[in-house]
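> Need a 3D model of the sequence below.
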Amino acid sequence: MLAGRLVKLIEKNSEQLARELSEKVWNSPRCSDLRKVPSEELQARTREIYQNLNNWLMDLTEAEIEQRYTELGARRAAQGVAYSHFLWAITATREHMTAFVQREGFSDTPMQLQGELELMHILAQFFDRALYFTAMGYERERTRIGSNLRRRSDDHQKIHA
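Presented below is the predicted three-dimensional model:
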């Protein structure tokens, strides 16, 4: 499978890709709210995606992806990261990976081009699901936080009434 060769190439270059992406995200005003996330956590998460790409794309079930990304969405909501900034960081991750594949894919033959296109399709599906599940987790956490704040406000009003 030619897509598999490209995935291995991404995994092999995971440290460099993670470093480049971290710099890109940290320096983007569209991701500035991610400064609320400890830099070590953000770098570890970025590295994890690149280092374990084959596992993410080929081995994990949709339920496992859902669990991982709803948890991540809830974590970013609890950290107070604006969803638009979080969304942009995920989009930047996909774009960074896509640019690397296009740069390094060596599509000299129709078969190689087919492998590259196959990987692009699989990546798009993965990131679409990741975005959906992060939104779910984020929304649930914001609703939970809002409910807790309303409950505290109601309790405070009852005490002072």
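> use CA for all of it now, contacts and neighbours both
OK.
> what's N52 sitting at in phi/psi?
Note on N52: its backbone torsions stand at phi -110, psi 30 [degrees, to the nearest 10].
> Wait, it touches E11, no?
Yes: with contacts defined as Cα atoms under 8 Å, N52 counts as touching E11 at a distance of 6.8 Å.
> Comparing those two, which residue is more hemmed in?
E11 (20 against 15; other Cα atoms under 10 Å).
> got the contact list for the more buried one?
Neighbour list for E11: Y50, Q51, N52, L53, N54 [criterion: Cα atoms under 8 Å, 6 or more residues apart in numbering].
> burial of the last one, as a residue count?
The number of residues packed around N54, counting by other Cα under 10 Å, is 18.
> what sits up against the helix or strand where it lies?
Per DSSP states H and E: N54 is located in helix 53-54. Helix 53-54 has contacts (Cα under 8 Å, 6+ apart) with G4, V7, K8, I10, E11.
> Stretch 62-82 now?
33-34, 36-37, 56, 83, 86, 129-131, 133-142, 145.
> And the residue positioned nearest the centre of the chain, how close does it get to S147?
Nearest to the geometric centre of the chain sits I90, at 4.1 Å (Cα atoms, centre = their mean). Distance, I90 to S147, by Cα to Cα, to the nearest Å: 28 Å.
> which residues does the residue nearest to the centre of the chain contact?
F127, L131.
> next one: phi and psi at it?
Torsion angles, degrees, to the nearest 10, at I90: phi -70, psi -40.
> so where is the protein shaky, pLDDT-wise?
1-2, 105-107, 149-161 (pLDDT under 70).
> In it, where's the longest helix?
helix 110-159 (DSSP state H).
> That one packs against which elements?
helix 2-12, helix 62-78, helix 83-104 (3 or more Cα pairs under 8 Å, 6 or more residues apart in numbering; DSSP states H and E).
> Just want the angle from it to helix 62-78.
If you take axes from the mean of the first three to the mean of the last three Cα atoms, to 10 degrees, helix 110-159 sits at 50 degrees to helix 62-78.
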